[in-house]
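Enquirer: here are the coordinates; sequence isn't available:
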Ligand code: AMP
């Protein structure tokens, strides 16, 4: 049975770092909508030119465009066996569309399609901790990886040797806007998913390894006990 996971949480909660690790562990694609948009901006594609100012301001790209991008990505063969979505859905309309794509209305029952139900992981963190973390965050200018993922080197990326730089949307005034946008548009998703048997919460204010361990155990429990493999 495939594992379809959505990571929720404010900016800086560690979703990207955790998603990259977990996708490796579970051997499913890590689909980060923010990374896809930053890549498009870096390559100056029509999509990149269209969304650059939106990302720089900390606002959200419109739902129709984002759902089209994700629908297309989920149709790729590597996502058939499962996926880990990081940064999508970001609004209730996006979550509704995702349910539609997966063919299962609020998944209290096993959907009839071939997709397994979503396991939704909320990584929670206070606003104060978000502001503290993002003020210090460095990412690789080449591959986009967060420096704290594995690197002990202050200047260059552990993976590709690229230069570490602050993310342009990690400036304090933009982070404040992203947090405001999170509380207004994304936090209602917790309510949207909370009643599902596959919803779980993990404290993001722990050591990175401890957050990973917590997610692995809770997802295993949710995936196995709520929807045991068919015999
Ligand atoms: P992230 O890397 O997830 O923090 O995303 C960076 C930025 O990309 C966000 O601040 C938004 O401007 C945009 N973005 C990423 N995912 C979405 C989404 N699902 N809906 C709308 N905008 C998004």
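Expert: Perfect, I can see it now. Owing to the predicted nature of the structure, the values given are computational and were not obtained by experimental measurement.

Enquirer: which SS class is residue 176?
Expert: The three-state assignment at residue 176 reads helix, by DSSP: H, G, I helix; E, B strand; the rest coil.

Enquirer: next, count neighbours for it.
Expert: Neighbour count of residue 176, defined by other CB atoms under 10 Å: 14. In short, each C-beta sits where N, CA and C put it, glycine included.

Enquirer: please, which helix or strand holds the nearest residue to residue 212 once chain neighbours are set aside?
Expert: Leaving aside its chain neighbours, residue 212 sits nearest to residue 21 (5.5 Å; criterion: CB to CB, 6 or more residues apart in numbering). Assessed by DSSP states H and E, residue 21 sits inside helix 15-26.

Enquirer: run the chain-centre distance for the helix or strand that that helix is followed by.
Expert: Remark: after helix 15-26, the chain's next helix or strand is strand 30-32, criterion DSSP H and E. Using CA atoms, centre = their mean, to the nearest Å, the mean C-alpha position of strand 30-32 is found 7 Å from that of the whole chain.

Enquirer: strand 30-32 packs against which elements?
Expert: helix 15-26, helix 63-74, strand 82-86 (3 or more CB pairs under 8 Å, 6 or more residues apart in numbering; DSSP states H and E).

Enquirer: determine which residue lies closest to the centroid of the chain.
Expert: Residue closest to the mean C-alpha point of the chain, counted by CA atoms, centre = their mean, is residue 86 at 1.4 Å.

Enquirer: how long is stretch 99-118 end to end?
Expert: Distance between the boundary residues of stretch 99-118 (CA to CA, to the nearest Å) amounts to 9 Å.

Enquirer: wait, residue 38 touches residue 144, no?
Expert: Yes: taking CB atoms under 8 Å as the definition, residue 38 is a contact partner of residue 144 at 5.9 Å.

Enquirer: hang on, the earlier thing: does the ligand sit close to the helix holding residue 21?
Expert: No: Helix 15-26 does not reach the ligand (CB under 6 Å from any ligand atom); its nearest approach is 6.5 Å.

Enquirer: what do you get for stretch 186-206?
Expert: No: remark: stretch 186-206 sits outside contact range of the ligand, by CB under 6 Å from any ligand atom, the gap being at least 8.6 Å.

Enquirer: which bits of this structure sit near the ligand?
Expert: So the chain meets the ligand at 11, 33-34, 37, 54-55, 58-61, 66, 87-88, 90, 94, 169, 178 (CB under 6 Å from any ligand atom).

Enquirer: give me the buried subset of these.
Expert: Of the members of the residues of the chain next to the ligand, the ones counted as buried by neighbours, 16 or more other CB atoms under 10 Å, are 11, 33-34, 37, 55, 58-61, 66, 87-88, 90, 94, 169, 178.

Enquirer: mind picking the two most distant members of those residues?
Expert: 94 and 169 (19.1 Å; CB to CB).
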